[in-house]
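Engineer: Just need the structure, nothing else, for what follows:
(chains A and B)
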2 protein chains.
Amino acid sequence: VPDHRPTVNETLIELPAGTLEPHEDPAVTAARELSEETGYRAGRLELVSEFYLSPGILDEKMRLYVASQLQPGTPHREAAEQIENLIVPISDALAMIADGRLRDAKTILGLWWLQQRR
Amino acid sequence: VPDHRPTVNETLIELPAGTLEPHEDPAVTAARELSEETGYRAGRLELVSEFYLSPGILDEKMRLYVASQLQPGTPHREAAEQIENLIVPISDALAMIADGRLRDAKTILGLWWLQQRR
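Structural biologist: Reported below is the predicted structural model:
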């Protein structure tokens, strides 16, 4: 999901992700963000890993899910989000880490976790 | 480097890291933080990768260096930093990712980059 990020002033390729609503189950957040950002609905979500991104600055804990049994649908993106879908084989995504096109930490971690599990 | 992080209220195992001083060369920051946090001085520092940790929230760009030709010395830790050195073989560090003892994103990324390069 390439997304223009005003904070870093460039377009980044990222896995779908977002923030928990109050009292929301993290798996519900994952399903909601996947659907909102990409349109895809997941028949199955599996928790793979939990980690901290910037423990010195933020208490943000990231939970990583693998979504499967995907059904395409209509995204519901916020007006300020300049997002489009990028669908590539896992081998291409891993090559994009190696050559520096993929520079988002959670995305690199997610793809490497997926590679390790296979 | 296990470090008690008040933001997340637990002790995390992390690679040495820190923030650029104004106008500081990132390699100088890396050498300084390594020395301050662990006592080790690096004869050689090599830039391996650059990535963003939380591009939706922070413009923090992380640069990852491999330090070699290490000489032990005396750490200079800030009073609030509850840090101690943890020195393990790379194989043990990778096992600590798999079993969830290692939960810091930059640390997981750094160790996997090192593994890929070998």
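
Engineer: Tell me the residues of chain A that contact chain B?
Structural biologist: Within chain A, the residues that sit near chain B (Cβ under 8 Å from any Cβ of the partner chain) are A:5, A:7-9, A:12, A:14, A:49-62, A:98, A:100, A:103-106, A:108-109, A:112, A:116. Just so you know, the C-beta spots here come from the backbone N, C-alpha and C atoms, and that holds for glycine as well.

Engineer: my guess is residue A:52 meets residue A:60, correct?
Structural biologist: Yes: Residue A:52 is in contact with residue A:60 according to Cβ atoms under 8 Å; the separation is 7.0 Å.

Engineer: Would you mind listing which of the residues of chain A next to chain B are buried?
Structural biologist: If you count burial by 16 or more other Cβ atoms under 10 Å in any protein chain shown, the buried members of these come out as A:5, A:8, A:12, A:14, A:49, A:51-56, A:58, A:60, A:62, A:103-106, A:108-109, A:112.

Engineer: which ones among the residues you listed are found in strands?
Structural biologist: For those, the ones inside strands are A:5, A:12, A:49, A:51, A:52, A:62, with DSSP state E as the criterion.

Engineer: And the furthest pair within these?
Structural biologist: A:5 and A:49 (23.1 Å; Cβ to Cβ).

Engineer: Lowest mean pLDDT among the helices and strands, pick that one out for chain A.
Structural biologist: The helix or strand of chain A with the poorest confidence is strand A:2-5; it has a mean of 74 (mean pLDDT, DSSP states H and E).

Engineer: tell me what that strand is packed against?
Structural biologist: For strand A:2-5, the helices and strands in contact under the criterion 3 or more Cβ pairs under 8 Å, 6 or more residues apart in numbering or on different chains; DSSP states H and E are strand A:10-13.

Engineer: Now do the buried residues in the strand it packs on.
Structural biologist: When neighbours are counted by 16+ other Cβ under 10 Å, the buried residues of strand A:10-13 are found to be A:12, A:13.

Engineer: Who are the packing partners of it?
Structural biologist: Packed against strand A:10-13, as judged by 3+ Cβ pairs under 8 Å, 6+ apart, are the following elements: strand A:2-5.

Engineer: list the buried ones in the strand it packs on?
Structural biologist: For strand A:2-5, burial by neighbour count (16+ other Cβ under 10 Å) applies to A:3, A:5.
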